[in-house]
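1. predicted model and sequence follow; I will ask about them next.
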Amino acid sequence: MRHLVVQWGEKFSGQINVAKNLLRSENLNSMSSGGDKQFEGKITVYVVICGIIAATGGLMFGYDIGISGGVTSMDDFLERFFPKVFERKHMAKENNYCKFDNQNLQLFTSSLYLAALVSSFIASKVCTKCGRKITMQAASIFFLLGVIFDAFALNIAMLIIGRILLGVGVGFANQAVPLFLSEIAPVHLRGALNILFQLDVTIGIFVANIVNYFVANIHPWGWRLALGLAGVPAIMLCFGSFIIAETPTSLIEREMLTEGLAMLKKIRGVDNVQAEYEELLHASEMARQVENPFKNLMKRSSRPQLVIAISMQIFQQFTGINAIMFYAPVLFQTMGFKNDASLLSAVITGIVNVLSTIVSVVLVDKAGRRFLLLEACVQMFITQVAIGGILLVNLKSTNEIDHTLATWVVVLVCLYVASFAWSWGPLGWLIPSEIFPLSTRTAGFAFAVSSNMFFTFVIAQAFLSMMCHMRAGIFFFFGAWIVVMGLFVIFLLPETKNIPIDEMTEVWKQHWFWKRFMDEDTKDEKAKN
Ligand code: BGC
């Protein structure tokens, strides 16, 4: 009862905040709001070009997610590097759920994410000391090296070294690109530009699905082409990054004030950028005073943001999405689809993923974060349980399931992917990027990126073994996590739609649970005075 009353109170005060913000935004016209201040500027062609080029970092990430599932289901690839899996796959009596259970095969997929996890912390330092542009260039070089190792691999060692280099590239790109996009965007377009990154991730996955489909029939080197084509977005980012600007924030942070001011004028397309410039100067001065952002992040008052950023990443991965993104072709083959049919089904889920992400771009600032996340929990829960139920009843160890039922599973997978794509997919990245105060923003974001990579690694490494042991129960396992994350959103995730980043602390102070952490902080401050 008490909770209900508290929630109503919260909802009511949330509505007042939203109303205040709407009123404010109506007065903005061509101005952008930075908290209570207003900055001049328009969307320049230059910003659009920079945004498109930088977002190719998302393409690199997405292409990798999508390509590994297809490659690991190709016979030429399996026969050459994983002969045991190849034999098992073709043995009629082999258990359906265990055909692909092989630690080395999973290591091929997961090693990339382990490397990305470690490198995102190094990338956060490079980003601060050398700038976003150099970090993106480094990402594309690591990525290209990885592509060369993988496309020309002669043995497992070369394959894994290639994956590790790709992982370092992904770690660098995922740290620099979202930051870059947020920093060049006019403040009122920050959310939309941030989701551009996720949109590119989904396009990358989709393109990889199509490539898998076409190269599967090129024998015996189709898989080399699939892995080699990952070089295309890397080359685009490498050459493109010579055209793009360094962000004014990074230039000012590194004390290149004149260059920072000139760049700000260039990307905003107006001369009067004094207000925004001063804000950036102030913000970078404040950030400089924080000697160790990582230490600052451990303070009690950072607990709400840190817990939410890390939980969003754990939950994003425990929706089970990457079981589909990495292993959809493998999963469809498990149900008895032939090679082509399973790769084609992966193409279908890929297009659903892209289109539903666009839904999120349109809805996120209207319907709000909580609504999208909760709606998706319901849709994902129902579809996971239905898929689990169908497989439990119909897919035994050594049979194939009926064609109509298998088609139903593909439809359910599409409904599941759609709900992920308009919620936990983009919001998993957006929410951590908007809740930290400036003093802990890059460090906090590095934690978010690395947690994402860690749990992506866990799922990539464990899924095929889990499927072998838990069989259809794997879908109920993810379903149970979805209930937990729904409760998390209901009780612990406040709405951040339309709240300026500078006023975000108020959200924690008014929240029934998180306010206790802010109270302590206020008490500490009072005691010091
Ligand atoms: C996630 C990836 C996932 C992708 C699917 C991203 O937000 O971080 O792990 O594969 O969405 O579209």
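-> The structure has been received and is ready for your questions.
2. need the next SSE after the helix or strand hosting Leu59, C-terminal direction.
-> Element membership for Leu59, per DSSP states H and E: helix 45-71. Moving toward the C-terminus from helix 45-71, the next helix or strand (DSSP H and E) is helix 75-81.
3. who does that next one touch, helix- and strand-wise?
-> Under the contact definition 3 or more CB pairs under 8 Å, 6 or more residues apart in numbering; DSSP states H and E, helix 75-81 sits against helix 83-89, helix 222-228. C-betas here are computed from N, CA, C, even on glycine.
4. for the ligand, find the nearest of those.
-> For these, proximity to the ligand was assessed by CB to the nearest ligand atom; helix 222-228 is nearest, at 17.3 Å.
5. what mean pLDDT does the closest one have?
-> Regarding helix 222-228, the rounded mean pLDDT is 96.
6. what does that helix contact?
-> Residues outside helix 222-228 that contact it (CB atoms under 8 Å, 6 or more residues apart in numbering) are 67, 70-71, 74, 76-77, 147, 150-153, 162, 208, 211-212, 215-216, 218.
7. of those residues, grab the buried ones for ChimeraX.
-> To isolate the buried subset of the contacts of helix 222-228 in ChimeraX, counting by 16 or more other CB atoms under 10 Å, use the following:
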select :67,70,71,74,76,77,147,150,151,153,162,208,211,212,215,216
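8. interface residues of the stretch 201-350 of the chain facing the ligand?
-> Taking CB under 6 Å from any ligand atom as the contact definition, the stretch 201-350 of the chain meets the ligand at 201-202, 205, 316, 321-322, 325.
9. so the residue nearest to Pro248 when sequence neighbours are not counted is in which element?
-> Setting aside the residues directly before and after it, Pro248 is nearest to Leu264 in space (CB to CB, 6 or more residues apart in numbering), at 4.1 Å. In this assignment (DSSP H and E), Leu264 forms part of helix 257-268.
10. which ones are touching the closest residue to the ligand within the stretch 1-150 of the chain?
-> Sorted by distance to the ligand under CB to the nearest ligand atom, the residues of the stretch 1-150 of the chain start with Ile65, at 4.5 Å. Contacts for Ile65 were tallied using CB under 8 Å, 6+ apart; they are 201, 204-205, 208, 322, 325-326.
11. got it, and Thr440?
-> Listed by CB under 8 Å, 6+ apart, the contact set of Thr440 reads 290, 293, 296-297, 302, 305.
12. ok, now how distant is it from Ala216?
-> The span separating Thr440 from Ala216 equals 46 Å under the rule CB to CB, to the nearest Å.
13. quick one, strands of the chain?
-> Remark: strands of the chain, listed N- to C-terminal, are 32-34, 37-39; assignment by DSSP state E.
14. comparing the ones you listed by mean pLDDT, which bottoms out?
-> The lowest average pLDDT among these, as it happens, falls on strand 32-34, at a mean of 44.
15. report the buried residues of stretch 468-487.
-> Applying a neighbour-count criterion of 16+ other CB under 10 Å, the buried positions in stretch 468-487 are 468, 471-475, 478-479, 481-482, 485-486.
16. from the residues you listed, which is closest to Ala275?
-> Within those, the smallest distance to Ala275 is 40.1 Å, found for Met485 (CB to CB).
17. which pLDDT does the model give the closest residue to the closest one other than its chain neighbours?
-> Nearest non-adjacent residue to Met485, counting by CB to CB, 6+ apart: Phe315, 4.1 Å away. As predicted, Phe315 sits at a pLDDT of 96.
18. Phe315 against Gly486, yeah?
-> No: with contacts counted by CB atoms under 8 Å, Phe315 stays clear of Gly486, the gap being 9.6 Å.
19. now do the shared contacts for the two.
-> With contacts defined as CB under 8 Å, 6+ apart, no residue is shared by Phe315 and Gly486.
20. returning to that earlier point: quick one: which of the buried residues of stretch 468-487 is nearest Val449?
-> For the buried residues of stretch 468-487, the minimum distance to Val449 (CB to CB) is 19.5 Å, reached by Met485.
21. from the stretch 251-400 of the chain, which residue is nearest to the ligand?
-> Nearest to the ligand, among the residues of the stretch 251-400 of the chain, is Met325, at 4.1 Å (CB to the nearest ligand atom).
22. over to the stretch 401-529 of the chain?
-> Of the residues in the stretch 401-529 of the chain, the one nearest the ligand is Gly425, at a distance of 4.2 Å by CB to the nearest ligand atom.
23. so for Val207, what's the pLDDT?
-> Val207 is assigned a pLDDT of 95 by the prediction.
24. what's the nearest residue to it if we skip its chain neighbours?
-> Counting by CB to CB, 6+ apart, Val207 lies nearest to Tyr63, which is 6.3 Å off, once chain neighbours are set aside.
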